[in-house]
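Trainee: Just to be clear, the model below is a prediction. Sequence and coordinates:
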Protein chains: 2
Amino acid sequence: MNAEIVAVGTELLLGQIVNTNAQYIAQGCAGIGLNVYYQTVVGDNWDRIKEAFSIASSRADVVICTGGLGPTRDDLTKDALADYLGLEMTVHEPSLRNIEEAFRNRGGLTENNARQANLIAGCDPLPNDNGLAVGVALTLNGKHYILLPGPPREMRLMFDRYALPWLKTKMDGERPLFSKMLKFAGIGESLLENRLLDLIDGQDDPTIAPYAKEGETAIRLTTRASSAKEAEEKLAATEAEIRRRAGDHLFAEEDIPLEAAVVQLLKQKGKTAALAESCTGGMVSELLTSVPGSSAVLRGSFVSYTNEMKQAMLGVPKTLLEGEGAPGAVSPETAAAMAAGALERTGADFAVSITGVAGPGPSEGKPEGLVYIGVAVRGGGVETERLQYSGGRETVRIRAAKYALYRLWQLAKD
Amino acid sequence: MNAEIVAVGTELLLGQIVNTNAQYIAQGCAGIGLNVYYQTVVGDNWDRIKEAFSIASSRADVVICTGGLGPTRDDLTKDALADYLGLEMTVHEPSLRNIEEAFRNRGGLTENNARQANLIAGCDPLPNDNGLAVGVALTLNGKHYILLPGPPREMRLMFDRYALPWLKTKMDGERPLFSKMLKFAGIGESLLENRLLDLIDGQDDPTIAPYAKEGETAIRLTTRASSAKEAEEKLAATEAEIRRRAGDHLFAEEDIPLEAAVVQLLKQKGKTAALAESCTGGMVSELLTSVPGSSAVLRGSFVSYTNEMKQAMLGVPKTLLEGEGAPGAVSPETAAAMAAGALERTGADFAVSITGVAGPGPSEGKPEGLVYIGVAVRGGGVETERLQYSGGRETVRIRAAKYALYRLWQLAKD
């Protein structure tokens, strides 16, 4: 079985709100192994809503629609579906009583509010535990239709509590879908894909799908199975082969960002970190501190954006930064001095520094995208690494930041 | 003319990401008076992408597609559109040279990366200033097609800088829409809206539409006119009235983020800034350094996440932080000491500090969302301000960060 999600609302078409309802419903469908092939957004327009139902019915087994169940004249979804299917409208008496009750203390019921109790004749009503508009579930000519309200608080509860269980009863006999996410860092999407190309192309079960996020790559393994145990066995061999080829970059077996994995690992090992950021301007610190509980592992960070501040904040020798023949701010020597300075001044176990040319354009004779990462370990030495990125200022910054996090993850892992 | 937005990506259908691209494009279309009647999401599937193009072409004048321009075998959009339209593929030589250049230092170009330089024969290429995949604009049989990359950073720049101007040239004959964006900070959307409510509800021309962004609010004034001069005259009276009511929060007359306005203003005044961040963890610095040229105005920042580091990095007295009756890390006293310390240690003209409880949950008896901002001026005094936010860790952090930027903007303006 496959599904289409239809969201009704002119405010979506105007870009006033983002379609988080579609994401929520899509996740729920994925969770029960119901494939979503299309999502559609249509405005509060009678003809176009009916056309959307017509197209969705022609290409999906299940049509899940959200929005347009409210009290105003813009709310057309139930009537449009009834009209499209040639069904009559009726009143859901329990919902009407709910609405009357709700308005008893608000100066009485208006006619348009009563509309929220309307239902399509013969459907299964879906209760709204967070609002007044009743939802719809019905099957006609082998197609299943679900109408949910638009406000996320109402939609989510109705979907989880009533629509998903109703859908599951229609899916008996299909084997559910199981999937596992593997997250990689410190390796580009295309390089990772190259390592796995024969697997990605050559096998259907489990399927292997790569997704690039900025500075991270995710691989999703998916299979159908009769039980979680069977799925685990089917995924295990593929996962082992992927680990053999790229395990050095695998930082999580769930969909968490790299910074969350770093905080988790540092906590687990009882280690602390410090940062000295130049071209990333605080981005690494910002990512780490976006993780709740990061205060236990991040001691502090220095954003030393100018040469003067590299000296004052981190004790980078002036001779490295200025004068003829000096390596300059963007150099392995400066990266090393920054990392060593951050380690010493914070007393952390690990310090990572980033200095580079974010762009636009070259700086002091160094090309845009050239970045040096420095790594200092308490009681250990200092190492540096040279990277060359492209794609503009923001790409250079985010890639360098994620690479710094990757190095921190490596340090903590060892 | 009307448009359909098509987003390509299985990760959208699986609910792994939310379709913010559709919202961004929808807002841009609304801004030039191009009606969007449908949005569609389709997976990385050859037949279904072609079907989506077919349906969109049948019901829209403009098809704006995002996603599927990348290097992997999942990225099918360009080839699918060419196949649907019966056009050949070609190579965009400047893009190929960009890609070769980008990979020169990364161990050479792989074939899949070169695919990002492919174009549909006869189209107008849309440059990608934030990445490698070139975009497409073309007109065939009276229908206009635009293909944009999926990563939001690449998509947004290409859309604003190249696709929208291209679209505007296709809209000749319609009396053009003129709009002006006013940006506000340091005031919430609903508060700003309340100040302007009678204008927003009471007048049709120019229309006044508020858009909330995190920590910033935009007001778009829109009118149709025969010339820029006529539009300017029509907008002037409304703008003057808005300025009268909320001019103290108006930081830009174009759609730039607050951090860009701050960098611009500091540069213009020849002033420098420093930051001491606790709960925002580097976010203010990261925002400022995202602006090219920020190195001229940001001297440096301290991310002093722990009490120990507040002492070591910024010289906050231990007696403020610890012991019975001490005001604690989240207090006006600590905010003031952090700002004073940052000013002294960097020699900047202005220093702003942020200390608060980002959450989740309360900390040391202080509620989630409580934030103190400290402001220190060279040769001047130190002031603090108490703020109370809600909405969870990320909302608290971004609001506090934007408020700190707003204070910096105020300091520079005076």
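Mentor: Ah, there it is.

Trainee: Distance-wise, check the residue minimising distance to the centre of chain A relative to residue B:175.
Mentor: The centroid of chain A falls nearest to residue A:255 when counting by C-alpha atoms, centre = their mean (8.0 Å). Remark: distance between residue A:255 and residue B:175 (C-beta to C-beta, to the nearest Å) = 48 Å. C-beta coordinates here come from the backbone N, C-alpha and C atoms, glycine included.

Trainee: Residue A:116 now?
Mentor: In terms of C-beta to C-beta, residue A:116 sits 40 Å off from residue B:175.

Trainee: Then residue A:202?
Mentor: Distance, residue A:202 to residue B:175, using C-beta to C-beta: 57 Å.

Trainee: Determine the three-state secondary structure at residue A:235.
Mentor: Look at residue A:235: counting by DSSP: H, G, I helix; E, B strand; the rest coil, its state is helix.

Trainee: err, residue A:271, not the other one
Mentor: Reduced to three states by three-state DSSP, residue A:271 is coil.

Trainee: if I pick the nearest residue to it once chain neighbours are set aside, what's in contact with it?
Mentor: Closest residue to residue A:271 apart from its sequence neighbours, by C-beta to C-beta, 6 or more residues apart in numbering or on different chains: residue A:349 at 4.3 Å. Residues in contact with residue A:349 (C-beta atoms under 8 Å, 6 or more residues apart in numbering or on different chains) are A:271-273, A:377-378.

Trainee: Look at residue A:215 and say how many residues are nearby.
Mentor: Counted with other C-beta atoms under 10 Å in any protein chain shown, residues neighbouring residue A:215 total 23.

Trainee: Let's see if you can find the most crowded of the contacts of residue A:349.
Mentor: Within the contacts of residue A:349, residue A:273 tops the neighbour count with 28 neighbours, counted by other C-beta under 10 Å.

Trainee: any idea how far chain B is from that one?
Mentor: For residue A:273, the distance to chain B (C-beta to the nearest C-beta, to the nearest Å) stands at 10 Å.

Trainee: Okay, and the beta partners of that residue?
Mentor: Beta-bridge partners of residue A:273, counted by DSSP bridges, are residue A:298, residue A:350.

Trainee: so it makes contact with residue A:351?
Mentor: Yes: using C-beta atoms under 8 Å, residue A:273 is in contact with residue A:351, at 7.0 Å.

Trainee: Compare residue A:116 and residue B:175 (neighbour count), which wins?
Mentor: residue A:116 (23 against 10).

Trainee: show me what contacts the more buried one?
Mentor: With C-beta under 8 Å, 6+ apart, residue A:116 has these contacts: A:69-71, A:95, A:99, A:132-134.

Trainee: Residue A:230 - that's part of a strand, no?
Mentor: No: read with three-state DSSP, residue A:230 is helix and lies in no strand.

Trainee: Got the confidence number for it?
Mentor: We have a pLDDT of 91 for residue A:230.

Trainee: next one: residue A:106
Mentor: 63.

Trainee: can you check residue A:111 too?
Mentor: So residue A:111 comes in at 71 (pLDDT).

Trainee: same thing with residue A:176?
Mentor: 71.

Trainee: Grab the nearest non-local neighbour of it.
Mentor: The nearest residue in space to residue A:176 (C-beta to C-beta, 6+ apart) is residue A:33, at 4.1 Å.

Trainee: which residues touch the one you found?
Mentor: Per C-beta under 8 Å, 6+ apart, neighbours of residue A:33: A:171, A:174-177, A:224.

Trainee: So which of those residues are in strands?
Mentor: A:177, A:224 (DSSP state E).

Trainee: Filter the contacts of residue A:33 down to the buried ones.
Mentor: Buried subset of the contacts of residue A:33 (neighbour count, 16 or more other C-beta atoms under 10 Å in any protein chain shown): A:171, A:176-177.

Trainee: Nearest to chain B among these?
Mentor: residue A:177 (10.1 Å; C-beta to the nearest C-beta).

Trainee: Residue A:303 sits in which helix or strand?
Mentor: Residue A:303 is part of strand A:298-304, with elements assigned from DSSP states H and E.

Trainee: How about residue A:387?
Mentor: Residue A:387 belongs to strand A:382-388 when assigned by DSSP H and E.

Trainee: That strand - which strands sit beside it in the sheet, and in what orientation?
Mentor: With DSSP bridges as the test, strand A:382-388 pairs up with strand A:370-377 (antiparallel).

Trainee: Identify the residues contacting the partner strand?
Mentor: By C-beta under 8 Å, 6+ apart, strand A:370-377 touches A:276, A:279, A:330-332, A:334-340, A:342-343, A:349-357, A:382-389, A:396, A:400, A:403-404, A:407, A:411.

Trainee: Where does residue A:358 sit: helix, strand or coil?
Mentor: From three-state DSSP, the assignment for residue A:358 is coil.

Trainee: Report pLDDT for it.
Mentor: So residue A:358 comes in at 92 (pLDDT).

Trainee: In contact with it, which residues?
Mentor: Contacts here follow C-beta under 8 Å, 6+ apart; on that basis residue A:358 touches A:279-280, A:368, A:393, A:396-397, A:400, B:289.

Trainee: what's the spacing between it and residue A:389?
Mentor: For residue A:358, the distance to residue A:389 - C-beta to C-beta - is 9 Å.

Trainee: Need the residues touching each of these two.
Mentor: With C-beta under 8 Å, 6+ apart, residue A:358 and residue A:389 have common neighbours A:396, A:400.

Trainee: ok, and what's touching the helix or strand where residue A:265 lies?
Mentor: Element membership of residue A:265, judged by DSSP H and E, is helix A:258-269. Contacts to helix A:258-269, defined as C-beta under 8 Å, 6+ apart, come from residues A:183, A:185, A:215-216, A:251-252, A:256, A:272-273, A:287-288, A:290-291, A:293-294, A:296-298, A:402, A:405-406, A:408-409, A:412-413.

Trainee: Same check on stretch A:386-394?
Mentor: In contact with stretch A:386-394 (C-beta under 8 Å, 6+ apart) are residues A:332, A:356, A:358-360, A:367-373, A:395-396, A:399-400, A:403, B:98, B:101-102, B:105-106, B:129-132, B:153, B:290, B:292.

Trainee: Equivalent analysis for stretch A:294-302, please.
Mentor: A:263, A:266-267, A:271-277, A:282, A:284-285, A:288-289, A:309, A:313-314, A:338, A:341-342, A:345-348, B:281-282, B:300-306, B:308-309, B:312-313.

Trainee: likewise stretch A:93-113?
Mentor: Residues outside stretch A:93-113 that contact it (C-beta under 8 Å, 6+ apart) are A:71-73, A:114, A:116-117, A:119, A:125, A:128, A:132, A:134.

Trainee: By neighbours, which of those residues wins?
Mentor: residue A:134 leads the contacts of stretch A:93-113 on contacts (other C-beta under 10 Å) with 26 neighbours.

Trainee: So it versus residue B:261, what's the distance?
Mentor: For residue A:134 relative to residue B:261 (C-beta to C-beta), the value is 48 Å.

Trainee: Which per-residue confidence value corresponds to the residue lying farthest from the centre of chain A?
Mentor: Using C-alpha atoms, centre = their mean, the residue of chain A lying farthest from its centre is residue A:324. It sits 48.2 Å away. In this model, residue A:324 is scored at 90, pLDDT.

Trainee: Please identify the helix or strand for it.
Mentor: Going by DSSP H and E, residue A:324 is not in any helix or strand.

Trainee: check contacts around residue A:329.
Mentor: With contact set as C-beta under 8 Å, 6+ apart, residue A:329 has these partners: A:278, A:307, A:310, A:321, A:355, A:364.

Trainee: so how far is chain B from the first one?
Mentor: Distance, residue A:278 to chain B, using C-beta to the nearest C-beta: 9 Å.

Trainee: Quick check, that residue in contact with residue A:337.
Mentor: No: contact between residue A:278 and residue A:337 fails when scored by C-beta under 8 Å: they sit 11.6 Å apart.

Trainee: Now list whatever residues contact both of these two.
Mentor: Joint contacts of residue A:278 and residue A:337 (C-beta under 8 Å, 6+ apart) are residue A:310.
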